[in-house]
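Engineer: What would the 3D arrangement of this be:
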Amino acid sequence: MSNKLKLRINKEVLVYVLTIILSVILLIVGNRITTKNLNILSGAEGVKAEKAKVVEILSSKKVEYDLGGDNPETGKDIIFSAKVLSGALKGSEIKALQTIDPFTGASLKEVEPGDKVILYNLDNEDSEYDWVLGEYLRTDILMVLGAVFLIFLVIFGRFKGFNTIVSLAFTCVAIFAVFIPAVLQGFNIYFWSIITCIFIITMSFLIIYGANRKSLSAGIGCLAGILVSGFLTLIMDRLLKLTGLVSEESLYVIRVNPTHPIDLRAIIFAAILIGAIGAIMDVSMSISAALAEFKEKLEYTPFSLIIKSGMAIGRDIMGTMANTLILAYIGSSLSVVLLLVSYNSSILELMNKEMIVVEILQSLVGSFGILVTIPITSLICAYLFSEKVTGQKPYKAPAADDFSDEYTDGWK
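Structural biologist: Predicted structure coming up:
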């Protein structure tokens, strides 16, 4: 192994290790700043949740509810025994109640022996049973699916797949351990959303692709797309006269921190940036990686050729990426869209509902960010990858008559 190659490998390892260390330090510091005097996941007072496994169905009886009609509505009370799987009572067997009533549109299915569930311990003197069924335990199955995904990611991506897992973990920590607490504390959401996006972009590119011109050009292009999306969101926020009250949950969000109320309009800003960052990163790195490969394979890479190639690649990408954003937003709120379509009297009223307006705004602004990312990434790549060959004429494609056995088109 040559000294030059050893030096390059040592440099890549050093950048990788420093990125990991700095990311951990920044996340710890950010978490301490944003969680100071903040009580997260405290739950409702007097309610405790534990995991349990259903052992036996003890009894099941029908219950009638008189709602004032001709025929009373019927429900069911199911008494079952369960083995506690967590908490101070772990290993002990308790009795619990599942109530299926007509007031809930979609009740949980009846429990069966072997089901893993979440039980709530309610401090309710009016009830004969202290424990009631809350939800089915679903995280175990999701963890299995997630583990399979990570295994396949490593199998197909190898070391880059492993690095992808590391960057994904840091991204989740940045969102849930730093950004979310900052919002709950009433901090400036605009500032923290931009800082979070910059961290995710820098950390992801350095860990997955290393410190090179490819990462630099992709990072600059991605950052430009995010900043333009944010600026456009601020402009549209004023023009559309948004309030941030896009759903009933928004009313509860306002009351989370009465001392420092959460800015709902800033929540829309953050949602658009964080929602679009994945697609914008994908576009910028796809263009940068393609042009970096172009630079490696061609002996002569003029500025104009790289720009044209980048724009051609970007045109092929932007159609599918725009569809990805729009379909993702529609899919995430499909139930709400169906409800609004069913209960609104006209298309005019529907299209001016703030919830629909915000969904459309997210799609358009995210897509606009992609459009801006394409030329900027291509321009940066052209600046970093182009070269001038002294004493030689610029490359010109040969005519059909010029082909011979000795002909080379510039490929190494």
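
Engineer: Touching, Gly230 and Ile194? I think so.
Structural biologist: Yes - the pair Gly230 and Ile194 passes the contact test of C-beta atoms under 8 Å, sitting 6.7 Å apart. Heads up, the C-betas are built off the backbone N, CA and C, glycines and all.

Engineer: Now do the shared contacts for the two.
Structural biologist: Leu273 (C-beta atoms under 8 Å, 6 or more residues apart in numbering).

Engineer: When these two are compared, which one has more neighbours?
Structural biologist: Gly230 (21 against 18; other C-beta atoms under 10 Å).

Engineer: Distance check, the more buried one against Ile280.
Structural biologist: 11 Å (C-beta to C-beta, to the nearest Å).

Engineer: Please apply the same query to Ser86.
Structural biologist: Counting by C-beta to C-beta, the gap from Ser86 to Ile280 is 40 Å.

Engineer: Who has more neighbours out of these two?
Structural biologist: Between Ser86 and Ile280, counted using other C-beta under 10 Å, Ile280 has the larger neighbour count: 31 against 12.

Engineer: For that one, which three-state class applies?
Structural biologist: Look at Ile280: counting by DSSP: H, G, I helix; E, B strand; the rest coil, its state is helix.

Engineer: ok, for it, nearest residue in space, not its chain neighbours?
Structural biologist: Nearest residue to Ile280, sequence neighbours excluded (C-beta to C-beta, 6 or more residues apart in numbering): Gly225, at 4.4 Å.

Engineer: contacting residues around the one you found?
Structural biologist: Contacts for Gly225 (C-beta under 8 Å, 6+ apart) come out as 276, 280, 283-284, 369-370, 372-373, 376.

Engineer: out of those, which are inside strands?
Structural biologist: With strands defined by DSSP state E, no entry of these lies inside them.

Engineer: In helices only, show me those.
Structural biologist: Under the assignment DSSP state H, these contribute 276, 280, 283-284, 369-370, 372-373, 376 to helices.

Engineer: between those residues, which is nearest Tyr383?
Structural biologist: The closest of these to Tyr383 turns out to be Ile376 (C-beta to C-beta; 10.8 Å).

Engineer: burial measure for that closest one, as a count.
Structural biologist: 20.

Engineer: Same question for Leu339.
Structural biologist: By other C-beta under 10 Å, the residues close to Leu339 number 12.

Engineer: Can you tell me how far it is from Ser92?
Structural biologist: 43 Å.

Engineer: ok, the residue nearest the centre of the chain to Ala211 distance?
Structural biologist: For the chain, the residue sitting closest to the mean C-alpha position, by C-alpha atoms, centre = their mean, is Gly275 at 6.3 Å. Gly275 is 28 Å from Ala211, where distance means C-beta to C-beta.

Engineer: Could you tell me the per-residue confidence at the nearest residue to Ser229 once chain neighbours are set aside?
Structural biologist: Residue nearest to Ser229 in three dimensions, not counting chain neighbours: Gly369, with 3.6 Å by C-beta to C-beta, 6+ apart. Looking at Gly369, its pLDDT is 89.

Engineer: Next, find the distance separating Gly369 from Ile380.
Structural biologist: From Gly369 to Ile380 the distance is 16 Å (C-beta to C-beta).

Engineer: Can you give me the domain boundaries for the chain?
Structural biologist: 47-137, 142-385 (automatic domain parsing).

Engineer: Please enumerate the helices of this protein.
Structural biologist: Assigned by DSSP H, the chain shows helices spanning 3-34, 139-173, 180-185, 189-209, 213-240, 248-254, 264-297, 303-332, 334-343, 347-351, 354-385.

Engineer: show me the contacts for Lys48.
Structural biologist: Taking C-beta under 8 Å, 6+ apart as the contact definition, Lys48 lies against 87, 120-121.

Engineer: Sort out which one of those lies nearest Gly319 for me.
Structural biologist: When these are compared against Gly319 (criterion: C-beta to C-beta), the nearest one is Tyr120, at 48.4 Å.

Engineer: Near the nearest residue to that closest one once chain neighbours are set aside, how many other residues are there?
Structural biologist: Nearest residue to Tyr120, sequence neighbours excluded (C-beta to C-beta, 6+ apart): Gly134, at 4.4 Å. Neighbourhood size, Gly134 [other C-beta under 10 Å]: 18.

Engineer: ok, now Gly114?
Structural biologist: Using other C-beta under 10 Å: Gly114 sits among 8 other residues.

Engineer: Now do it against Glu299, distance only.
Structural biologist: With C-beta to C-beta as the criterion, Gly114 and Glu299 are 67 Å apart.

Engineer: thinking again about what came up before, more crowded one of Gly369 and Ile380?
Structural biologist: Taking neighbours as other C-beta under 10 Å, Gly369 and Ile380 compare with Gly369 leading, 28 against 23.

Engineer: ok, the residue nearest to Tyr120 - contacts?
Structural biologist: Contacts of Gly134 (C-beta under 8 Å, 6+ apart): 49, 117-120.

Engineer: Only the buried subset of these, as a PyMOL command please.
Structural biologist: Listed next is the PyMOL selection for buried residues among the contacts of Gly134, using 16 or more other C-beta atoms under 10 Å:
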select buried, resi 117+118+119+120
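
Engineer: Throw the domains of the chain into CSV and include distance to Val15, thanks.
Structural biologist: Below are these laid out as CSV (distance: least, C-beta to C-beta, whole Å):
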stretch, distance to Val15
domain 47-137, 42
domain 142-385, 4
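
Engineer: for the ones you listed, which one sits closest to Leu18?
Structural biologist: domain 142-385 (8.7 Å).
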